[in-house]
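Visitor: build the 3D model from these lines:
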Amino acid sequence: MPSLNARGVASLLREYAQRTALRGGNPYRAKAYSRAADSLAALVVSLDVLIAEDRLTEIPGVGDAIADIVTKLHQTGTHPSLEKLRKEIPAGVLEMLAVPGLRPEKVLRLYQDLGITSLAELEAAAKEDRIKKAKGLGAALQTKILQNLAIAKSGEGRLHLHRAAALLAHAKDSIRKARPDLKRVTIAGDFRRGCELVSDLAIVAEAAKSDKKPMPSAEGLQVRVSDRKHFGAALLFATGSAAHIEQLQALAAEKDMRLDADGLRKGRTLVAGDEDNIYRALGLPFIDPELREGRGEVELARKGKLPKLVTDKDLRGILHCHTDASDGTETLETMAKATRQRGFEYFGVADHSKSAHYAGGLTVEEIAQQHREADRLNKRFGRDFRILKGIESDILGDGSLDYDDEVLECLDFVVASIHGRFRLDRKAQTQRLLRAISHPRTSIIGHMTGRQLQRRPGYEIDIEKVLRACAKHDVVVEINAHPWRLDLDWRWHQAALEFGCMLSINPDAHSIPELDHMHWGVEMARKGGVPADRVLNAMTLPEITRYLRQKRRSLARAA
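Guide: Residues are numbered from 1 along each chain as shown. Below you'll find the model as predicted:
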């Protein structure tokens, strides 16, 4: 039997991961197999070569144990443990693991108790009310299945931004090692456009004109090789989107030119092959990749009205972070120092509030203790860095905040967020948010819709009404930068700006590495067309201190 390529091994390893999850035991083992399978799917170097040179552990997520499994799968097309697992569960049952919120133990119950062996059978059982009648499953699970089946279908094959970033970084490194002659190895596709979920992994590389031999492409990764003269056009087309390219081609036709992946031409003459020059020849300024969705950006460019998008360097501080006082992993001092080391001017601590028992929410006494610690650290930091005292207050079922006004008055800022009762109807959930927004101590609305990408949809609210209320009450709208959230969705950013809202890019960090989620929030803000002057934490320390102080003074006058 011929050996399997990386694509074939990735498929088997993914099956191994799913069957391991259904077996139970250590859940991290199944996740490790799944991550390794994603890495193999995006491999651009021959698997034969990596095995022969004992380099499998260079692949992200592949350690010695998984390397042994990969080698066996590659050489024989199977593995003894996989064959054993296959005897336990039919292949169709694995499909159900794609439904967000449907844990392996529930999938097993659905198979064992109801005989469901596929997604199609699962959907039929839910619509026929058979799941809610089963002991240990119930109506709530049935409702969740019906809600999340669409997510399972739409999210197939798509990766979160941070996971796609890791795969693309490894692919670039592999390409450079395999083809040191290549120049400008550049990421393209929907990752370059800053899409919140990535399906189109693509890389464009420059080769000498005489050596444009193609690179092998993997299941989830396309590599295009172009010469210097045509590199920019190749990058433009590999970046997309299709709608954006079509609009550029229509504009080129208006000017009696033709645009394709080899460049912009007038007759047989190449007018432009570089990205910048293509836009310029079409009478447009350069359009940032994040805006290229065919949503009016070409017309804005023609009118000279493109926004100057916020960048990572524009951000001066970090807000909405957690410490070990609630459900974070690090102390206030450690998180503040890590923030300062990253060049920021302030760290906004916002641990969970008292009703968040699941997350170690802070009592009034614990808030006072944290404030004493912040004061002590601020004296040590001096004028160049400051801990801002905040809280992430649960928005209670009736829309009220989680502490009395007397407690809230001692805080620099309040992030008001919903963490429960997601099933309220649209009107009730909207009213709940509106009441929280109207509270004079609310500074920021956190992760407004509560969505978790590929896990659960957001709760139903009238987003336009909520944004208008935020503008009216001078409440900042959060762009939650955690790659599982990225909420508020970038498609609503323009509406927020038009209504007069300020936005804040917050990492919702629970550990030091999560401070770096800020970058994904910046990507979302750029995709939504947000400029730096509309971002709260693009303010310097003196500016945000003055902003928060003025808001407290205006509240005091109103009282």
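
Visitor: when you work out contacts or count neighbours from here on, use the C-alpha atoms and nothing else.
Guide: Fine.

Visitor: residue boundaries of the strands in the stretch 251-400 of the chain?
Guide: For the stretch 251-400 of the chain, applying DSSP state E, counting those that start in this stretch gives strands covering 258-260, 263-266, 269-272, 317-321, 346-349, 386-394.

Visitor: which of those has the lowest mean pLDDT?
Guide: Among these, strand 269-272 carries the lowest mean pLDDT, at a mean of 90.

Visitor: packing partners of that strand?
Guide: Helices and strands touching strand 269-272, by 3 or more Cα pairs under 8 Å, 6 or more residues apart in numbering; DSSP states H and E, are strand 263-266, helix 275-281.

Visitor: try it again with 6 Å
Guide: Packing partners of strand 269-272 (3 or more Cα pairs under 6 Å, 6 or more residues apart in numbering; DSSP states H and E): strand 263-266.

Visitor: the nearest residue to residue 534 once chain neighbours are set aside - how many residues pack around it?
Guide: Nearest residue to residue 534, sequence neighbours excluded (Cα to Cα, 6 or more residues apart in numbering): residue 502, at 5.2 Å. By other Cα atoms under 10 Å, 21 other residues sit near residue 502.

Visitor: quick check, residue 502 in contact with residue 476.
Guide: Yes: Residue 502 sits in contact with residue 476 when judged by Cα atoms under 6 Å, with a separation of 5.1 Å.

Visitor: for the residue lying closest to residue 315 once chain neighbours are set aside, give me its contacts.
Guide: Nearest residue to residue 315 in three dimensions, chain neighbours excluded: residue 538, at 4.3 Å (Cα to Cα, 6+ apart). Residue 538 is in contact with 314-316, counting by Cα atoms under 6 Å, 6 or more residues apart in numbering.

Visitor: swap in 10 Å and give it another go.
Guide: 310-318, 503-505, 531-532, 544 (Cα atoms under 10 Å, 6 or more residues apart in numbering).

Visitor: and the buried ones among those, selectable in PyMOL?
Guide: To isolate the buried ones among those in PyMOL, judged by 16 or more other Cα atoms under 10 Å, type:
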select buried, resi 310+311+314+315+316+317+318+503+504+505+531+532+544
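
Visitor: which of the contacts of residue 538 lies closest to residue 24?
Guide: residue 505 (38.0 Å; Cα to Cα).

Visitor: and stretch 198-214, how far from the chain's centre?
Guide: 26 Å (Cα atoms, centre = their mean, to the nearest Å).

Visitor: buried set for it?
Guide: Neighbour-count burial for stretch 198-214 [16+ other Cα under 10 Å]: 198-207.

Visitor: do the same with stretch 270-283
Guide: 270-279, 281-282.

Visitor: show me the contacts for residue 392.
Guide: Residue 392 touches 320-322, 349-354, 356, 361-362, 401-402, 413-418, 442, 444-446, 508, counting by Cα under 10 Å, 6+ apart.

Visitor: do the same with residue 29
Guide: Applying Cα under 10 Å, 6+ apart, the residues near residue 29 are 17, 20-21, 66.

Visitor: among these, who's most crowded?
Guide: residue 17 (25 neighbours).

Visitor: secondary structure element for the residue nearest in space to the middle of the chain?
Guide: Centroid-nearest residue in the chain: residue 483, 2.8 Å away (criterion: Cα atoms, centre = their mean). For residue 483, there is no enclosing helix or strand under DSSP states H and E.

Visitor: surely it and residue 198 touch.
Guide: No: contact criterion Cα atoms under 10 Å: residue 483 and residue 198 do not qualify, at 11.7 Å.

Visitor: residue 410 belongs to a strand?
Guide: No: going by DSSP: H, G, I helix; E, B strand; the rest coil, the assignment for residue 410 is coil, not a strand.

Visitor: those strands in the stretch 401-550 of the chain, which residues are they?
Guide: Using DSSP E, counting those that start in this stretch, strands in the stretch 401-550 of the chain cover 413-417, 444-445, 476-480, 503-506.

Visitor: what helices and strands are in contact with the last one?
Guide: Where contact means 3 or more Cα pairs under 10 Å, 6 or more residues apart in numbering; DSSP states H and E, strand 503-506 is packed against strand 317-321, strand 444-445, strand 476-480, helix 493-499, helix 518-527.

Visitor: need the ones you listed in JSON lines with distance to residue 329, can you?
Guide: Formatted as JSON lines, the helices and strands packed on strand 503-506 follow (distance: least, Cα to Cα, whole Å):
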{"stretch": "strand 317-321", "distance to residue 329": "11"}
{"stretch": "strand 444-445", "distance to residue 329": "23"}
{"stretch": "strand 476-480", "distance to residue 329": "19"}
{"stretch": "helix 493-499", "distance to residue 329": "32"}
{"stretch": "helix 518-527", "distance to residue 329": "18"}
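
Visitor: select, out of those, the one closest to residue 61.
Guide: helix 518-527 (21.7 Å).

Visitor: just to revisit the earlier point, return the backbone torsion pair for the residue nearest to residue 534.
Guide: phi -90, psi 150 (degrees, to the nearest 10).

Visitor: the residue nearest to residue 315 and residue 522, how far apart?
Guide: From residue 538 across to residue 522, the span is 11 Å (Cα to Cα, to the nearest Å).

Visitor: in stretch 78-94, which residues are buried?
Guide: For stretch 78-94, using 16+ other Cα under 10 Å, the buried residues are 78-79, 82, 85, 89, 93-94.

Visitor: just the helices in the stretch 201-350 of the chain please.
Guide: 231-239, 242-254, 275-281, 297-302, 332-341 (DSSP state H, counting those that start in this stretch).

Visitor: any idea which of those helices is most buried?
Guide: helix 231-239 (a mean of 24; mean count of other Cα atoms under 10 Å).
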